[in-house]
Every structure is written in C-alpha cells, then in structure tokens.
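[1] From the sequence below, what's the structure:
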Amino acid sequence: HYYITNNLRIMSNYRSIDFKVFGRVQGVFFRKFTKEQADKLKLVGWCKNEPDKTVIGVAQGLSPAIDTMKIWLNKTGSPQSRIDSCSFSNDRSVEKMEFGEFAIRRKRK
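    All right, here's what the predicted structure looks like:
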C-alpha cells in the first residue's frame, strides 16, 4: 500500500477495514470487548448491533494492529460470545484516521 507524491514512494501506515461478525454476538458484551481490544491496539472506528443479530463495524489503524484485530474478531470475541464467522470488506490504505476514537454506536430511541 503506497501512494506517490513528488516522485517519492511513501508508505501509507494506516489501514481501514469493515467487519461483520456472525454468531451469538449480541447480549454477550461483544461490543464492549471489541472496543476494549480496539483501544488496546490503538485503533479507531466503531461497532454496532444490527437487526439481523450480527455486529458490524469499521476499524482503522496501523496495519499490524488491523491484522491482530481481524484475528481477534474471527476467533476470540467476548468470553460469552460464539463466533460462527466474520467477514471483512473494504480493506484499504488511508492517509489519516477518519475517527477520533473507537466508539460503540447505539440505536437512537
């Protein structure tokens, strides 16, 4: 992942991914633990529950931290969760982070 500026190759340090986690991931503190893991990895973005009982979100940060987060989302999750699968999309380089923190998005009442 790089872009060219003034004929210099500059590595883009930041990466962004979208994720969707399937399984028993609602009502088991999955979003809370996802935020804690993202904070540990210094990632920004968000996650939220969906009506189809999945959790979706976006994570942005340094590429090695994104790789670690992908493994965590696919294999670990919260202690009471059961992850059946996790899909990732829109994996891309970003020049700067587009969020100030990692947030849990909740439904507006």
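
[2] Point to the residue nearest the middle of the chain.
    Centroid-nearest residue in the chain: A59, 2.9 Å away (criterion: C-alpha atoms, centre = their mean).

[3] who are the neighbours in contact with that one?
    16-17, 19, 38, 43-45, 66, 69, 102 (C-beta atoms under 8 Å, 6 or more residues apart in numbering). C-betas here are computed from N, CA, C, even on glycine.

[4] part of a strand, is it?
    Yes: the assignment for A59 by DSSP: H, G, I helix; E, B strand; the rest coil puts it in a strand.

[5] quick one: which helix or strand includes the residue lying closest to it once chain neighbours are set aside?
    Excluding its sequence neighbours, the residue lying closest to A59 (C-beta to C-beta, 6 or more residues apart in numbering) is G45, at 4.4 Å. Using DSSP states H and E, G45 sits within strand 44-49.

[6] Wait, K96 touches Y14, no?
    Yes: with contact defined as C-beta atoms under 8 Å, K96 counts as touching Y14 (6.6 Å).

[7] Could you check the angle the helix ranked longest in the chain makes with strand 44-49?
    Assignment by DSSP state H gives helix 63-75 as the longest helix of the chain. Orientation note: helix 63-75 sits at an angle of 10 degrees relative to strand 44-49 (axes from the mean of the first three to the mean of the last three C-alpha atoms, to 10 degrees).

[8] Buried residues, helix 63-75. List them.
    For helix 63-75, a neighbour-count test (16 or more other C-beta atoms under 10 Å) marks 65-66, 68-70, 72-73 as buried.

[9] That'll do, ta.
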